Each structure stands twice: as C-alpha cells, then as structure tokens.
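Colleague: Build me a model:
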Amino acid sequence: MGTPVFAIPSLEGMAKSENVIAVFTQPDRPKGRGQKKTSPPIKETAEKLKIPCYQPESLKSETVINDIRRLTPELIVVVAYSLFLPKKVLEIPKHKTINLHPSLLPKYRGAAPMQWALINGDRETGITISYITEAMDAGDILNQETMVVNDSDSLMTLEHKLSLLGADLLCKTISSLKEDKISVRAQNEKEATFAPKLRKEMGQIDWKKSARSIFNLIRGANPWPGTFAALEGEPLKIHQAKIISEEKGGTPGKIQSVSNEGIAVETVRGVLLLTEVQKPNRKRMPVAEFLKGCQITPGSQFDV
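Modeller: I've put the predicted structure just below:
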C-alpha cells in the first residue's frame with residue numbers, strides 16, 4: 001500500500017524476493033493546468049511488474065475490507081499510502097501490518113518527517129519499520145537505520161536517499177520476520193515528537209532569524225509550500241540558497257551585494273546567498289538569469 005515516488009524502490013525491492021499479490025494506492029487524480037487525470041507513481045510501477053492494482057477511495061467500506069480478506073495476505077506493507085487503515089484491515093494478515101516511516105521514531109510521527117528534519121537542521125535522520133496500530137506511527141519498532149543529513153541535502157535528495165535506504169531495510173526486515181529472527185521493541189512515548197503537514201504561511205521568510213534557520217526553511221519547505229519574501233513590496237519566491245556567513249549579524253533583509261553568483265542578504269545572524277528565485281507568473285531561474293530582467297542594487301531592502 002503506497003502512492004508516491006518514494007514508495008517505488010520498496011515495491012521493486014519486494015517484487016524481487018517476495019510474492020507481491022496486490023498493490024493498493026490512491027485513485028487517479030486531476031493534475032496540472034489541464035486537470036488531466038493522472039495515475040499515482042506506484043500504480044505505474046505495479047503495472048510494469050504486472051501486479052494487480054486496487055484504488056479505493058477509502059479502506060473503511062466492508063466491500064473493500066472483504067476484497068483484502070479474499071486476497072489472504074500474509075503481510076501488509078504500507079509506504080506513504082495516506083489512507084487510514086481501520087482495525088479490521090490491520091488484523092487480516094498473519095504477520096500483521098507494517099509501515100515504513102522516514103524518521104527515527106518516536107521522533108517525527110506524522111505526515112512530514114523529512115521536511116521537519118530539514119527545517120530543524122537535524123544532522124541525522126533515518127528509516128523506521130514498525131507495526132501499524134490505530135495510534136499514528138506509535139507501533140512497536142521492528143528495525144531502524146540511521147543516515148547523515150548534509151548541508152547539500154534538499155527535500156528531493158533526502159527523499160531519494162531515504163527511499164533507497166528504506167527499501168533495503170524493508171526487504172531485510174521481511175526476511176527476518178519470515179525466519180522469526182526479529183527483536184521487537186516498544187517506542188518511548190516520552191521521546192515522541194510530531195511532524196504535521198506544512199501550512200502555506202510557514203513559507204514566509206523572517207529575516208530577523210539567523211541565516212542558518214532561513215537556509216533550513218528553504219530546504220525543507222520546497223517544493224511546497226515554497227519559501228517567499230517581498231523585495232521592496234514585490235513578492236519573490238526563493239528556491240535555493242547558500243550560507244555565506246554564520247558570524248555577526250547585519251540589518252535583517254538588507255541586500256549586501258549582488259552578482260551572478262547570487263543575492264547576498266543580511267540576517268540577524270549571518271549572511272545568506274540567494275541563488276535561485278522566481279517572480280510571480282514566471283519560471284524559476286538562477287540569479288544570473290533573473291538579474292538580466294531585474295535591477296537590484298546593494299542596499300535594497302526585503303520587507304521585514
């Protein structure tokens with residue numbers, strides 16, 4: 001049971017070593033400007049692997065639950081499915097239902113663990129394989145693996161690396177389950193933290209924060225909700241940035257220098273170099289391209 005690109009390596013890995021009898025994913029949804037119905041990425045992979053694919057709107061109906069019962073699965077694996085699994089479904093398989101979650105549980109339970117790891121500037125994250133219970137991401141842990149988070153990591157690169165790490169750990173965990181060689185441990189509720197969905201207003205850059213804090217927000221909030229600021233009243237999306245300095249502060253939001261390398265902006269602590277930006281109704285572009293059609297001078301001020 002899965003939906004986005006993140007789930008593809010797990011399905012492909014399992015298909016090599018296990019008998020995957022069915023894939024459950026979200027229904028086709030309208031997408032893009034033309035609102036053309038588009039299949040979830042995992043459906044396309046299932047079709048390539050010739051695995052039957054089900055796309056119910058919900059798992060709560062008795063019809064869907066009976067469909068799953070008729071499949072007689074020994075194990076249900078969930079990877080970024082985004083639908084609630086009722087207790088009747090969780091109890092169907094012999095080896096229960098397990099979940100692959102991209103954080104080191106009990107840290108970052110919820111919908112956006114990778115985003116919050118980046119926003120909070122974590123130096124490590126990882127994958128947890130756990131049993132699914134009715135409480136969100138609170139089931140007993142079967143396996144975990146840690147991974148370093150680099151300054152060069154964006155949400156895209158982190159998601160890709162964790163998807164591969166997760167697929168490998170998932171296959172190892174299933175093998176251990178089959179051989180009854182797994183040691184299960186409960187989560188420490190006192191250490192639990194949460195990673196709720198990001199809200200649109202969270203993308204507003206506050207230049208009164210440090211260069212490091214703003215840099216982490218830009219990494220974690222792109223592509224959605226994206227990060228944005230107003231330059232002398234004109235909105236500007238910020239897609240990529242680098243930290244020039246983390247030392248003494250300047251005037252928050254003041255443009256220190258402008259070059260083809262980027263726009264250097266002072267913060268309350270440190271200087272941030274904006275390297276890829278976007279004006280409303282325009283394409284995102286490197287600053288060198290952006291400056292060809294936009295005059296920005298040192299001393300200009302972002303709204304604070």
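Colleague: can you pull the alpha-carbon coordinates of stretch 145-160 into CSV?
Modeller: Extracted C-alpha coordinates of stretch 145-160, given in CSV (Å, rounded to 0.1, in the frame of the first residue of the first chain):
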residue,chain,number,x,y,z
GLU,A,145,18.7,2.6,10.3
THR,A,146,20.3,6.0,10.6
MET,A,147,21.5,8.3,7.8
VAL,A,148,23.6,11.5,7.9
VAL,A,149,21.9,14.7,6.6
ASN,A,150,24.3,17.0,4.8
ASP,A,151,24.0,20.8,4.1
SER,A,152,23.8,19.9,0.4
ASP,A,153,20.6,17.9,1.0
SER,A,154,17.3,19.2,-0.2
LEU,A,155,14.0,17.6,0.3
MET,A,156,14.4,15.9,-3.1
THR,A,157,17.8,14.4,-2.4
LEU,A,158,16.9,13.4,1.2
GLU,A,159,13.7,11.7,-0.1
HIS,A,160,15.6,9.8,-2.7
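Colleague: what about it, distance to the chain center?
Modeller: Distance, stretch centre to chain centre, for stretch 145-160: 10 Å (CA atoms, centre = their mean, to the nearest Å).
Colleague: how about the helices of the stretch 101-250 of the chain, start to end?
Modeller: Assigned by DSSP state H, counting those that start in this stretch, the helices in the stretch 101-250 of the chain fall at 113-119, 155-178, 211-220.
Colleague: Reformat the ones you listed as CSV; add mean pLDDT, mean neighbour count and distance to Thr25.
Modeller: Using the backbone N, CA and C atoms, a C-beta is placed for each residue, glycine as well. What follows is the helices of the stretch 101-250 of the chain, written out as CSV (pLDDT from 0 to 100; neighbours: other CB atoms under 10 Å; distance: least, CB to CB, whole Å):
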stretch, mean pLDDT, mean neighbour count, distance to Thr25
helix 113-119, 98, 24, 20
helix 155-178, 97, 18, 16
helix 211-220, 98, 23, 26
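Colleague: a markdown table for those, including distance to Val277?
Modeller: Formatted as a markdown table, the helices of the stretch 101-250 of the chain follow (distance: least, CB to CB, whole Å):
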| stretch | distance to Val277 |
| --- | --- |
| helix 113-119 | 19 |
| helix 155-178 | 18 |
| helix 211-220 | 11 |
